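> just to be clear, the model below is a prediction. Sequence and coordinates:
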Amino acid sequence: MPNLQDVILYESKHQEKDFVQPHSHQTHQILYVLDGQGRCQLNEHTSPLKPDSMIVIPPHTEHSILAASKMTVLILEFSHLHVDADTREFLIKPVFKEPKVWSLNLFVSSEIRQLLRKMLYEQSQESIEYKLGIKLLLSQLLFILMRTNQSMAQLDSNTLRSSWLKEYIDSNFYQITSIEEMAGKMGISSRYMNQMFTEVYDQTPMRYLTEVRLTRVKKMLTETDLDIVTICFEVGFESLSTFYRVFKKQVGVPPNRYRTTYVGMSDE
């Protein structure tokens, strides 16, 4: 059993037809299915499990698991008593409002996997500092779940994927490097992703990315004193010359002229 003062991440392996009897814990648990299929019962509700399923289990929630195949699960366990008040109120409370199995979209599952890898690495260091690192990573993970904990409308598959992609661009515009990167996260070709997104939003993902970046740039030009090179870097343009070319083409004037013309004015 983990020390309730710790945030701990450990592996649980199940053989086909293994059954974990109904039980509960004093701690908060997040279970992430790395591989395999099965079913999870949370109180009276049963849900299927597959790779990238995430099970959120509040304290004292009775739960059980039946493995339909070999299944590997990562278990993240912690006590709310040993995290700060803001984390408890604004992250733990909404994420653990009720027990459920989360169906994560491809972008969120990619972010979650990266955080779990970092947690495993920090935990393997066995140093005093790792406990702080684990808690910081836990807060990041909970923030991602809190941000995605909203009901999605019943949409067709392509519309749903396009919505996920739009949300991903809105949140990560400053670090996206290419269309291939986005397509790779979705597990589809860049050509198909372009077609899918354009059908829903009447523009390509990269055109929308440029639009999001330039909206941010115009706001920073008129509301801050940051150097243009810093603004270019902050919103995700790798080349200053590319930034100038794109800005002038889309806005009609260079960024420095835009700043002198519109500074102090509210930009619509």
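Nice, thanks for sending it over.

> what is the neighbour count of the closest residue in space to Met220 that isn't next to it in sequence?
Excluding the flanking residues, the one nearest Met220 by Cβ to Cβ, 6 or more residues apart in numbering is Ile231, at 4.9 Å. Placement of C-beta: from N, CA and C, glycine included. Residues near Ile231, counting by other Cβ atoms under 10 Å, number 22.

> surely Ile231 and Val217 touch.
Yes - judged on Cβ atoms under 8 Å, Ile231 makes contact with Val217 at a distance of 5.8 Å.

> which residues do these two both contact?
Pro255 (Cβ atoms under 8 Å, 6 or more residues apart in numbering).

> am I right that Ile169 is in contact with Gln175?
No - if you go by Cβ under 8 Å, Ile169 and Gln175 don't touch, sitting 10.7 Å apart.

> settle it for me: which of the two has more neighbours?
Using other Cβ under 10 Å as the criterion, Ile169 and Gln175 rank with Ile169 on top: 20 against 8.

> grab the nearest non-local neighbour of Leu214.
Gln250 (5.7 Å).

> what's near enough to touch that neighbour?
Here Gln250 is in contact with Thr210, Glu211, Leu214 (Cβ under 8 Å, 6+ apart).

> got it, and Pro59?
Contacts of Pro59 by Cβ under 8 Å, 6+ apart are Ser24, His25, Gln26, Thr27, His28, His80.

> next: Lys131.
Lys131 touches Asp6, Val7, counting by Cβ under 8 Å, 6+ apart.

> how about low-confidence regions in the protein?
1-5, 150-156, 264-268 (pLDDT under 70).

> one more time with 50, if that's ok
1-2, 4, 151-154, 266-268 (pLDDT under 50).

> mind listing the helices for the chain?
85-86, 93-95, 106-125, 128-148, 157-172, 179-186, 190-201, 205-223, 228-235, 240-251, 255-262 (DSSP state H).

> this completes my enquiry, with thanks.
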